[in-house]
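Enquirer: Provided below are the primary sequence and the corresponding predicted coordinates.
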Amino acid sequence: MDKVKIISIGCGQRGYGQSILLAKIEEFDLVALCDKHLDKAELVAKVIEEKTGKKVPVFNNYEQAIKEFNPDAALVSVDWQYHVEL
């Protein structure tokens with residue numbers, strides 16, 4: 001069975017933990033981390049690499065990540081007022 005390609009949008013408190021968990025699930029291939037504050041995505045990527053050995057690319061523009069990776073799904077972990085916008 002193919003893995004589900006997924007990107008994570010939002011690397012704040014909620015997205016930090018959820019992204020790390022996703023990276024550990026065998027059925028998922030976390031292909032990108034996105035946050036408008038690139039330093040947050042970079043921090044999550046660093047932790048994921050330390051815990052799993054996998055390097056996950058980071059973006060400050062989720063549309064660019066979608067265009068580049070064509071994911072099957074997206075985990076959206078941003079403040080509720082931005083969900084409709086995304």
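Expert: Ah, there it is. Numbering: from 1, shown residues only.

Enquirer: Could you pull out the helices in this protein for me?
Expert: 13-24, 38-52, 62-69 (DSSP state H).

Enquirer: Please name whichever of these is nearest to I7.
Expert: helix 62-69 (5.1 Å; C-beta to C-beta). Where you see a C-beta, it was placed from the backbone N, CA and C, and this is true even at glycine.

Enquirer: Using PDB, list the CA coordinates for that closest one.
Expert: Provided in PDB are the C-alpha atoms of helix 62-69 (Å, rounded to 0.1, in the frame of the first residue of the first chain):
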ATOM      1  CA  TYR A  62       1.700  26.500   1.800                       C
ATOM      2  CA  GLU A  63       0.600  27.000  -1.800                       C
ATOM      3  CA  GLN A  64       4.200  26.600  -2.900                       C
ATOM      4  CA  ALA A  65       4.400  23.300  -1.000                       C
ATOM      5  CA  ILE A  66       1.200  22.000  -2.500                       C
ATOM      6  CA  LYS A  67       2.400  22.900  -6.000                       C
ATOM      7  CA  GLU A  68       5.700  21.200  -5.400                       C
ATOM      8  CA  PHE A  69       4.500  18.000  -3.700                       C
END
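
Enquirer: Give me the contacts around that helix.
Expert: Here helix 62-69 makes contact (C-beta atoms under 8 Å, 6 or more residues apart in numbering) with 5, 7, 9, 31-32, 34, 57, 59, 71, 74, 86.

Enquirer: Using TSV, lay out the helices of the chain together with mean neighbour count.
Expert: Shown next, in TSV, are those (neighbours: other C-beta atoms under 10 Å):
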stretch	mean neighbour count
helix 13-24	17
helix 38-52	16
helix 62-69	15
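
Enquirer: export those helices to CSV and tack on mean pLDDT and distance to D79?
Expert: CSV is the format used below for the helices of the chain (pLDDT from 0 to 100; distance: least, C-beta to C-beta, whole Å):
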stretch, mean pLDDT, distance to D79
helix 13-24, 94, 9
helix 38-52, 97, 13
helix 62-69, 97, 14
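
Enquirer: Identify whichever of these lies nearest to V78.
Expert: V78 lies closest to helix 13-24 among these, at 7.5 Å (C-beta to C-beta).
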